[in-house]
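Q: Got a predicted model here, sequence first, then my questions.
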Amino acid sequence: MKYAAPWALGLALLSVMVLQPPGAWGQVRTHSGALTRQSGLEHPKELERRIFQLTNEARRKNGLPALEPDSTLMTLARGKSDDMAKRHYFSHTNPEGKTIIDHYDDEKPAKIGLMGRIGENIHMGQRNDYSDIKAAARVIVDSWMISPGHRQNILNPAYTSLGVGVAIKGKECYSTQSFGQKVGQKMIRQP
């Protein structure tokens with residue numbers, strides 16, 4: 001009878017694991033709302049949302065309308081951040097020589113809202129402490145705003161849509177902004 005308690009505890013734990021699997025196989029939800037995959041990548045959705053918000057604040061301060069969220073561009077941005085994190089490179093061009101335009105063209109037949117123009121900002125930083133999402137997003141967006149080429153993308157009046165993707169692996173944080181102008185939308189002139 002003294003061995004019944006450990007056996008029952010083991011059976012109870014096993015039944016909980018079988019009856020309540022994670023939200024998606026191979027993924028575990030963390031306290032921040034991010035998904036941690038078996039590949040070791042985290043996607044902090046709140047950080048992505050905050051980067052999007054700060055980008056639009058910068059545009060408004062410069063007399064430009066807010067960018068609209070776009071799921072196709074978000075998928076491109078997340079894919080770019082994931083690829084850089086998994087393969088340990090930091091460049092607009094991947095090791096096979098492909099850019100955002102190549103990746104978009106590869107998927108273009110499946111796209112409904114085609115883009116007439118696309119652009120990309122990338123950022124890589126060391127993850128010391130991302131518990132303060134607002135501060136982390138501010139550092140990322142501010143670094144783009146002080147870089148002339150990145151600032152030009154953020155403040156480009158031709159862009160009307162934005163997707164943001166962040167991938168964290170270990171101490172490295174990769175952030176990507178994918179900008180687009182949907183076919184048929186008018187370019188807004190800067191005042």
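A: Cool, the structure landed. As the structure is a computational prediction, the values presented were derived from the model and not from experiment.
Q: Glu48 - how many residues pack around it?
A: 24 (other C-beta atoms under 10 Å). In this view, the C-beta of every residue, glycine as well, is placed from N, C-alpha and C.
Q: no, scratch that, I was asking about Thr93
A: 11.
Q: And Cys173, by the same measure?
A: Cys173 is flanked by 24 other residues according to other C-beta under 10 Å.
Q: Okay, and it sits in which element?
A: Under the criterion of DSSP states H and E, Cys173 resides in strand 172-182.
Q: If you average the pLDDT over that strand, what comes out?
A: In this model, strand 172-182 has a mean pLDDT of 93.
Q: How about stretch 134-145?
A: Throughout stretch 134-145, pLDDT has a mean value of 95.
Q: Convert the C-alpha atoms of that stretch to CSV, please.
A: Only the C-alpha atoms of stretch 134-145 are listed here, as CSV (Å, rounded to 0.1, in the frame of the first residue of the first chain):
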residue,chain,number,x,y,z
LYS,A,134,8.1,49.9,-24.0
ALA,A,135,11.8,50.6,-23.5
ALA,A,136,12.9,47.8,-25.8
ALA,A,137,10.6,49.0,-28.6
ARG,A,138,11.8,52.6,-28.1
VAL,A,139,15.4,51.5,-28.5
ILE,A,140,14.7,49.7,-31.7
VAL,A,141,12.6,52.4,-33.3
ASP,A,142,15.0,55.2,-32.2
SER,A,143,17.9,53.3,-33.7
TRP,A,144,16.0,53.2,-37.1
MET,A,145,15.1,56.9,-36.8
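Q: Go through it and flag the buried ones.
A: Going by neighbour count (16 or more other C-beta atoms under 10 Å), the buried part of stretch 134-145 is 136-137, 140-141, 144-145.
Q: ditto for stretch 172-184
A: 173-182.
Q: Just the closest of the buried residues of stretch 134-145 to Gly125, please.
A: Taking C-beta to C-beta as the measure, Gly125 sits nearest to Ile140 out of those, at 7.1 Å.
Q: Just the residues contacting stretch 144-163, thanks.
A: Here stretch 144-163 makes contact (C-beta atoms under 8 Å, 6 or more residues apart in numbering) with 52, 55, 58-59, 62, 64-65, 67-78, 115, 117, 119-121, 123, 141, 143, 177-182, 185, 187-190.
Q: In strands, which of those appear?
A: 68-69, 115, 117, 119-121, 123, 177-182 (DSSP state E).
Q: can I get the residues you listed in CSV with distance to Asn94?
A: Formatted as CSV, the ones in strands among the contacts of stretch 144-163 follow (distance: C-beta to C-beta, whole Å):
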residue, distance to Asn94
Glu68, 27
Pro69, 25
Met115, 19
Arg117, 21
Gly119, 16
Glu120, 12
Asn121, 16
His123, 16
Gln177, 17
Ser178, 14
Phe179, 18
Gly180, 19
Gln181, 23
Lys182, 25
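Q: Pick out the most distant pair among those.
A: With C-beta to C-beta as the measure, no two of these lie farther apart than His123 and Lys182, at 24.7 Å.
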